[in-house]
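Chemist: make a model of this:
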Amino acid sequence: TLNDAIQEEPRLQELQTQDPKVGQLIESARRLEGLTRHASVHAAGVVIAPEPLRNVVPLYRSPKGEEVVTQYPMDDVEAMGLLKMDFLGLRTLTVLQNAVAMIRDNHGVDLDLEQLPLDDQPTYQLLSDGRTQGVFQFEGSGLRDLLRKLQPSVFEDLVAVVALYRPGPLGSGMVDDFVERRHGRREIEYELPELEPILRSTYGVIVFQEQVMQIATTLAGFTLGGADLLRRAMGKKKAEVMAEQREYFVKGALQNGFPEDKAGKIFDLIAYFAGYGFNRSHSVCYALIAYQTAYLKAHYPREFMAALITSDMDNTDKVMRYIGECRDLNCAVLPPDINTGFADFTVGGEHVRFGLGAIKGVGQNAITSVVAEREANGAFQSFADLLERVDYRLVNKKVIESLIKSGALDGLGMHRAEMLGNMSRVMEWAQRQQEDAQQGQISLFGGTMEPAANGMLSLDSVMPWNDAEQLTNEKEALGFYISSHPLTAVQPQL
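Modeler: Numbering: from 1, shown residues only. So this is what the prediction gives:
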């Protein structure tokens, strides 16, 4: 604390008495010390009460204003006797929901993810091959390597992988032992026959905390509550508590007719594994979501990848990686297009269409208004037609520039350099057209013809960009190259 610091440092005491400013500073610091620095919101915590919370605890709106939160911190809320539950929100659930909706629209198949068969061979093949880019929990290179070694063929294998792929089990050799036993290259041994039903699904390896509890109840007659206390004690590894629990375990095992030396050996075995034990129920939930994403990728790769890329549109690195994965799946990603694209990545035929929302500098509101205009009044026929029909409150010069550079306007009859070079002139003309229409005026030439053809607007002649310029502008608008790559020309040499 501040007082301790002053007591321990004579020079600080001296300054405090000699310099009025330092004295004032320290006095102010004393008043501030210990005060709450800021209010933050727990990412997943939800407080549950038997009556409206305003009757029980002071509330306020979170800094962004979208959530009502308690003014008391979480420990105090729990001390009051209120229930605090953590509800984790996973982006993957949105990916699954969006993919299922696209599958319904494109294939007429109404998938129920809760009813997927858990023995689907193509899904296990995809996992065993390590083709898991975008698969929940199984994306990392280390995990892909483990899946290739393990060759999972049943759901229980996936549950174990989620639990085993952590620093503790990896460092202890448990994972290698598990893989060797899975393939029959190492004998599966059980200290007692009673352990087989508990450990069969994990090839004799104690992987889960629940297995520790089952062993304690089956062999030593622990109650479920007592087994939970044992699990906690093993996790904390307090020597005196462990000695006490060992005595209970051996005593209970003797009463159930098991030999003392075996009971002691089994306790030491589960005590060793308990340090690495993982919660099975958590592991099952994550393995199920992983299986569902792998199933969709195996059977509906286009819809799955479109939903996946949409969920990470704001992350350029992931978009690039997933577009590369699409190519590996023989699923072309078509460039953005103002007349066929939407804000999200979508599927059309055998292709994925780039999402307009992933173009830098183009906001969601701008895209929504452009798509709404296109769907209400038909495709945009030309660059001038687009600029005449957009809402300039939402679509400004920066938005149009980004659309041009990304290639989204390539289908409107002009090359990118020509559109960008004439953008200001065409925008001014288009805004006058909009104003005239609002005032009820009609052009002498009818107002619906192409402006360049009816003489109302002359366009400057602009040289097309060379490949390097086009790719540089693409990189600026998208964060990466999509139509080609600067190294394409020297690819054979590379």
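Chemist: okay, now the domains of this structure?
Modeler: Using the TED database, the domain ranges for the chain come out as 2-86, 93-283, 332-438+458-485.
Chemist: residue 290: which of those domains is closest?
Modeler: For the domains of the chain, proximity to residue 290 was assessed by CB to CB; domain 93-283 is nearest, at 4.7 Å. (Each C-beta comes from the backbone N, C-alpha and C, glycine too.)
Chemist: please convert the domains of the chain to CSV, extending it with mean pLDDT.
Modeler: Listed next are the domains of the chain as CSV, based on pLDDT from 0 to 100:
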stretch, mean pLDDT
domain 2-86, 87
domain 93-283, 91
domain 332-438+458-485, 90
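Chemist: format those as JSON lines; extra columns: distance to residue 289 and mean neighbour count.
Modeler: Formatted as JSON lines, these follow (distance: least, CB to CB, whole Å; neighbours: other CB atoms under 10 Å):
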{"stretch": "domain 2-86", "distance to residue 289": "16", "mean neighbour count": "11"}
{"stretch": "domain 93-283", "distance to residue 289": "5", "mean neighbour count": "17"}
{"stretch": "domain 332-438+458-485", "distance to residue 289": "21", "mean neighbour count": "18"}
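Chemist: which residue ranges of this structure form strands?
Modeler: 45-48, 59-61, 68-70, 83-86, 333-334, 346-348, 351-353 (DSSP state E).
Chemist: okay if I get those as TSV plus distance to residue 99?
Modeler: Putting those into TSV (distance: least, CB to CB, whole Å) gives the following:
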stretch	distance to residue 99
strand 45-48	27
strand 59-61	34
strand 68-70	33
strand 83-86	26
strand 333-334	16
strand 346-348	10
strand 351-353	12
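Chemist: how about those strands, which one is nearest residue 416?
Modeler: Per CB to CB, nearest to residue 416 of the strands of the chain: strand 333-334, 16.8 Å.
Chemist: thinking again about what came up before, nearest to residue 302, of the domains of the chain?
Modeler: Using CB to CB, the domains of the chain put domain 332-438+458-485 closest to residue 302, at 4.6 Å.
Chemist: how long is the closest one end to end?
Modeler: 16 Å (CA to CA, to the nearest Å).
Chemist: repeat that for stretch 49-64.
Modeler: 24 Å.
Chemist: now do stretch 308-321
Modeler: Stretch 308-321: ends 11 Å apart by CA to CA.
Chemist: quick check, central residue of the chain?
Modeler: Centre of the chain computed as the mean C-alpha position; nearest residue by CA atoms, centre = their mean is residue 91, 4.8 Å away.
Chemist: correct me, but that one touches residue 313?
Modeler: No. Contact criterion CB atoms under 8 Å: residue 91 and residue 313 do not qualify, at 11.7 Å.
Chemist: how close does residue 223 get to residue 248?
Modeler: For residue 223, the distance to residue 248 (CB to CB, to the nearest Å) stands at 11 Å.
Chemist: do residue 286 as well
Modeler: Taking CB to CB, one finds residue 286 at 33 Å from residue 248.
Chemist: tell me the contacts of residue 460?
Modeler: 421, 422, 425 (CB atoms under 8 Å, 6 or more residues apart in numbering).
Chemist: now the residues you listed in CSV, with distance to residue 307?
Modeler: Shown next, in CSV, are the contacts of residue 460 (distance: CB to CB, whole Å):
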residue, distance to residue 307
421, 38
422, 38
425, 40
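Chemist: ok, of those residues, which one's closest to residue 459?
Modeler: residue 422 (4.8 Å).
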